[in-house]
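Enquirer: just coords:
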């Protein structure tokens, strides 16, 4: 790899980067280097859906960032899990396939991002998708690389959640990516016959043998070498030393909403005054780099149950636990086939406008009230998140001289509207759980608990316990305003001729839903911009 040069360098083998590597290397005359900070995804814990419990917080697969103390959340530090392996966060996520509402993308267009309306992005989503469910062809594609399917063996309790919603006016919705998100249902997932189907599995693994594609793993990008308004090379820490990869053509940052702005800042591209304060020589004053951080803040309700219908670790469930490996590896059924958040849906609080403002992720098993990944016993839980938060944070470099670490400040609940919405969301979730449908398995609510009833009490609980559902976006946003980092028509970084950003960091606002599929869409749009101009 000494003195290697490439036509295209893609930094980050996540949801967007894998799409880009596929499309750019399709031309055999073009040399492409895909750089991943993590290692291989070749592990049973990655492939088996239930293995997700062993991925979060695992330093082999998760960067395991930690945010700074949040005044709105009792000064707690909030974990920020990000994938560290081929496939990026699509290798450690819950595999839920959601695109967001049409209105989200139309808002982008209204904010000055021409070419990003729902009418513009829907064909891109369809082109990427290989839908296995015969869903409406007006919204779905059947010839793309990304497999979209139903879970192989949804738990009975997940189906009870969907039925319970009808008692509070939430209809069953079997396609959250069609005309309306409203309602509850079992989520579609990115799986192949019950196995995880990540961005790497879909877009890079099948073409890994291309002679013009170089994939580097366990390679940490330190910064970019910029000269005369162009990226001349990328400085990478790998194999125990720093290597410089030359860039003949373009460099594309697809390291995610944490990684991409970190690399820009470390390269001297960002708010000049802030960079100087942490010892980085400013190269290009772009005040928006690292700003506009948005994420879905989330509150949980967890209920104990004596019923072994729910997933759980118990003596009474021992037969199912012993049978689980055989059920999964022979028939792709049983406990190991669960992604835990099998069902969920979207609802409106009293603060909502035309579209739902909260999303649910329902777990047919007991979620620990002590923060443990596994807790003895049975139960069920529901996570509720604010879909379009008004609180906006930022990402800055740590002033430790290394330029490799970041301060992640979400500023959760800095806008009171998010707190009010989440309080109402918890009340809606409780109303669903109160349905007679749950009578046969009902047990005590452990969190927030029966003593938490008033709005003030619920808010106090959220300040003490709320986390995120790990959907950070916006830290190198596209747009036309002074805080925009990239141009919407090209995703090129302002002031750098051959540098683009293509991942969730370019989102000007946070879409209403999970961010994996939208990040792939951004990667595909970027590839078309590069290939077709």
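Expert: Good, I have the coordinates. Worth saying up front: this structure is predicted, and the values here are computed from it rather than measured.
Enquirer: strands of the stretch 301-450 of the chain, start to end?
Expert: Here the stretch 301-450 of the chain has its strands, by DSSP state E, counting those that start in this stretch, at 312-313, 343-347, 358-363, 377-386, 394-397, 406-409, 445-447.
Enquirer: looking at those strands, which has the lowest confidence?
Expert: Here the lowest mean pLDDT among those goes to strand 312-313, at a mean of 88.
Enquirer: got the contact list for that strand?
Expert: 321, 365, 366, 374, 375, 376, 377, 378, 379 (CB atoms under 8 Å, 6 or more residues apart in numbering). For glycine as for every other residue, the C-beta is placed from the backbone atoms N, C-alpha and C.
Enquirer: before we move on, what about stretch 314-329?
Expert: Here stretch 314-329 makes contact (CB under 8 Å, 6+ apart) with 48, 194, 308, 313, 333, 334, 335, 336, 337, 376, 377, 378.
Enquirer: list only buried entries from those.
Expert: Buried positions within the contacts of stretch 314-329, assessed by neighbour count (16 or more other CB atoms under 10 Å), are 48, 194, 308, 334, 335, 336, 337, 377, 378.
Enquirer: same list (the strands of the stretch 301-450 of the chain) but as TSV, adding distance to residue 288.
Expert: What follows is the strands of the stretch 301-450 of the chain, written out as TSV (distance: least, CB to CB, whole Å):
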stretch	distance to residue 288
strand 312-313	47
strand 343-347	30
strand 358-363	27
strand 377-386	23
strand 394-397	10
strand 406-409	15
strand 445-447	38
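Enquirer: looking at this protein, which strand is longest?
Expert: strand 241-253 (DSSP state E).
Enquirer: what comes up buried for that one?
Expert: Those would be 243, 244, 245, 247, 249, 250, 251, 252, 253, for strand 241-253 by 16+ other CB under 10 Å.
Enquirer: I'd assumed residue 393 was in contact with residue 418.
Expert: No - between residue 418 and residue 393 there is no contact under CB atoms under 8 Å: 11.6 Å.
Enquirer: can you map out the helices along this protein?
Expert: For the chain, applying DSSP state H gives helices covering 15-24, 44-47, 102-110, 118-128, 156-165, 199, 256-266, 272-277, 318-331, 416-433, 455-465, 516-532.
Enquirer: out of the ones you listed, which one sits most buried?
Expert: Highest mean neighbour count among those (mean count of other CB atoms under 10 Å): helix 199, with a mean of 32.
Enquirer: what does that helix rub up against?
Expert: In contact with helix 199 (CB under 8 Å, 6+ apart) are residues 13-19, 87-88, 90, 146, 516, 520.
Enquirer: who's in contact with the residue nearest to residue 365 when sequence neighbours are not counted?
Expert: Leaving out its chain neighbours, the residue that sits closest to residue 365 by CB to CB, 6 or more residues apart in numbering is residue 311, at 3.2 Å. Residues counted as contacts of residue 311 (CB under 8 Å, 6+ apart) are 155, 157, 335, 338, 340, 363, 364, 365, 366, 378.
Enquirer: next: residue 526.
Expert: Applying CB under 8 Å, 6+ apart, the residues contacting residue 526 are 16, 20, 252, 491, 500, 502.
Enquirer: show me which of the contacts of stretch 314-329 is closest to residue 397.
Expert: Proximity of those to residue 397 (CB to CB) peaks at residue 48, which lies at 37.4 Å.
Enquirer: hmm, residue 106 is touching residue 118, no?
Expert: Yes - the criterion here is CB under 8 Å, and residue 106 meets it with residue 118 at 5.4 Å.
Enquirer: list the beta-bridge partners for the residue nearest to residue 143 when sequence neighbours are not counted.
Expert: Spatial nearest neighbour of residue 143, excluding adjacent residues (CB to CB, 6+ apart): residue 130 at 6.6 Å. On the basis of DSSP bridges, residue 130 is bridged to residue 142, residue 147.
Enquirer: and for residue 130, the neighbour number?
Expert: When neighbours are counted by other CB atoms under 10 Å, residue 130 registers 17.
Enquirer: picking up where we left off before, show me which pair in the contacts of helix 199 is furthest apart.
Expert: 13 and 146 (15.4 Å).
Enquirer: which residues touch residue 420?
Expert: residue 351.
Enquirer: and the gap between residue 466 and residue 171?
Expert: 28 Å (CB to CB, to the nearest Å).
Enquirer: more neighbours: these two, which one.
Expert: Remark: of residue 466 and residue 171, residue 466 carries more neighbours, 27 against 13, as counted by other CB under 10 Å.
Enquirer: could you pull up the contacting residues of the more buried one?
Expert: Counting by CB under 8 Å, 6+ apart, residue 466 makes contact with 73, 297, 298, 299, 412, 422.
Enquirer: the second one pairs with what?
Expert: Each beta-bridge partner of residue 297 is listed here: residue 468, as defined by DSSP bridges.
Enquirer: wait, isn't it in contact with residue 383?
Expert: No - using CB under 8 Å, residue 297 is not in contact with residue 383, being 10.6 Å away.
Enquirer: looking at these two, which one has more neighbours?
Expert: residue 297 (27 against 22).
Enquirer: what residues go with each domain of the chain?
Expert: The chain breaks down by automatic domain parsing into domains covering 1-98+195-294+471-533, 152-186+297-386+413-465.
Enquirer: count residues in the vicinity of residue 142, would you?
Expert: Considering only other CB under 10 Å, residue 142 is surrounded by 14 other residues.
Enquirer: what sits against it?
Expert: Neighbour list for residue 142: 129, 130, 131 [criterion: CB under 8 Å, 6+ apart].
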